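Enquirer: Sequence plus the predicted model coming up.
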Amino acid sequence: MSVLGIITEYNPFHNGHLYHLNESKKITGADFTICVMSGNYIQRGEPAIADKWTRAEMAVKGGVDLVIELPSIYACSSAEHFAFGSVSILNRLGIVDYLCFGSESGNIADLEKTAAILSEESYEFKTAIKIYLDKGMSFPKARELALKDVAHSHAKNISTSNNILGIEYLKAIKKLDSAIKPFTIKRIANEYNCETLTGEISSATAIRKALCEYLSNQETGCLSHISNAMPDFSFNILLNKIKTHFIDIKNYETIVLSCIRMKTAEELREINEITEGLENRIKKAAESCTSYDEFIEYLKTKRYTKTRLQRIIVNILAGLTKQNFELFNNYGGPQYARILAFNDKGRFLLSKIKERSSIPVIIKPSDIYNKKNHILYQNEFVKKMFDIENRLTNIYSLLLADKFLRAGNIEFKNKPFYYINA
């Protein structure tokens, strides 16, 4: 029995994702596929366009056997922490043999060399990073320039998004001393953040933009272009749920601004990733700005990019402190494997995971708070992490288009999607 692991967002599941999934199965020859997928918030620090159960349904109908959630505090984090959280889950399940990711490079050996240089962090490299940070540059840019200084030929590998994530996966495998074998597939067609639909292979960014245009003006022409970029099963799910389970982003800015206005600068200072007096600027911006876009523009600098600020906002909504995030990392990252969807093969995998996993498998979140379930009930780290997830999902549910779906505690009401293979 061989098991492939993939790490995804599927926001939403499109033809490029299907290509990657099928090619990953071919290149590894795996019998089973497990997907670790971002939950209701994604790595750019934004709410996912469709809830995690809808996207997990797309995944299993696309050929994934088991979908496990990446907790939002890792899903909405830097590439390093996103990768560490994802690989940690796959590694701790005890059954995953391979990890296959997409990259602009397509050369696993070259990416592994770059990952080794970044992992070693030589004195020369760290000094160069500090010089660029002191000039006010963001960490990713400072790191890219520092790598140009010490290993010029490898700098190209950290100038594109999928390469960066892939390198962080490789670093995480090494850090965890994992036996998982990595593979990569060269990304095809367009850039991940291209905003224009380009036919059958289009970016998730372009699809989301077209979806937002459709939801704004109900022009059916948008839908025909979107359908061309998505598998039929995925598009049909989208079509059935677009007016109910997809989010109305307008509600988000009110929630964000009100949440921050109710906090003191001292409370903000304790939040993960808030440093260098940023809490005072955030507090001032929230009190003077009247829209989300204005708020972000007020705070944005070379060091604090839009994406980084959006992640910090999710940390504020979650109430994630520096202390708690450090504790989670010290205890191996994600504290549980939350099941979102599975098929018949996934059900078999679950039985094997329960035998070998070093973290608890969560199918019914209510078990976490059940005194009879001693292993879960007595694990304070599981409770703390899930409490944060529940808090963020309670906010996310307020964004759903259908007001009748906006009730709280849907984490406890929604069951994993079970797909009975035809």
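Expert: In hand now; what should we look at? Computed from a predicted structure; not experimentally measured. Numbers count the residues shown, from 1 in each chain.
Enquirer: contacting residues around N11?
Expert: Residues in contact with N11 (C-beta atoms under 8 Å, 6 or more residues apart in numbering) are 38, 42, 48-50, 55, 204, 208. (Glycine included, C-beta is placed from N, CA and C.)
Enquirer: repeat that with 10 Å
Expert: Shown in contact with N11 (C-beta atoms under 10 Å, 6 or more residues apart in numbering): 17, 37-38, 42-44, 46-50, 52, 55, 58, 204-205, 207-208.
Enquirer: what residue ranges in this structure score low on pLDDT?
Expert: Flagging of the chain using pLDDT under 70 yields the residue ranges 152-153, 155, 189-195, 218-221, 374, 377, 422.
Enquirer: surely F32 meets S24?
Expert: No. Under the criterion of C-beta atoms under 10 Å, F32 lies out of contact with S24, with a separation of 11.9 Å.
Enquirer: list the residues that contact both of those two?
Expert: Residues within reach of F32 and of S24 at once, by C-beta under 10 Å, 6+ apart, are 4-5.
Enquirer: do you know how far the residue nearest the centre of the chain is from N217?
Expert: Most central in the chain under C-alpha atoms, centre = their mean is A75, positioned 3.2 Å from the mean C-alpha point. Between A75 and N217 the distance, using C-beta to C-beta, to the nearest Å, works out to 31 Å.
Enquirer: picking up where we left off before, tell me which of the contacts of N11 fall in strands.
Expert: When DSSP state E is applied, the contacts of N11 are split such that 37-38 fall in strands.
Enquirer: for this structure, longest helix please?
Expert: Ordering each helix of the chain by length in residues (DSSP state H) puts helix 380-397 first.
Enquirer: OK, contacts around the closest residue to G29 other than its chain neighbours?
Expert: Excluding its sequence neighbours, the residue lying closest to G29 (C-beta to C-beta, 6 or more residues apart in numbering) is S2, at 6.7 Å. Applying C-beta under 10 Å, 6+ apart, one finds that S2 lies in contact with 28-32, 95-98.
Enquirer: L327 touches I73, doesn't it?
Expert: No. Between L327 and I73 there is no contact, the gap being 11.4 Å when judged by C-beta under 10 Å.
Enquirer: what ranges do the strands span in the stretch 101-250 of the chain?
Expert: Under the criterion DSSP state E, counting those that start in this stretch, the stretch 101-250 of the chain contains strands at 181-186.
Enquirer: can you give me the helices for it?
Expert: Remark: helices assigned in the stretch 101-250 of the chain by DSSP state H, counting those that start in this stretch are 108-120, 123-134, 139-150, 161-175, 204-217, 220-228, 232-241, 250-261.
Enquirer: Just name the most buried of these.
Expert: Mean neighbour counts were taken over these using mean count of other C-beta atoms under 10 Å, and the top value, a mean of 22, falls to helix 161-175.
Enquirer: So which elements touch that one?
Expert: Here helix 161-175 is seen to pack against strand 3-8, helix 79-92, strand 98-103, helix 108-120, helix 139-150, strand 181-186 when contacts are counted using 3 or more C-beta pairs under 10 Å, 6 or more residues apart in numbering; DSSP states H and E.
Enquirer: Burial check on the residue nearest to K181 when sequence neighbours are not counted, number of neighbours?
Expert: Nearest residue to K181 in three dimensions, chain neighbours excluded: Y98, at 5.2 Å (C-beta to C-beta, 6+ apart). Burial of Y98, expressed as a neighbour count using other C-beta atoms under 10 Å, amounts to 21.
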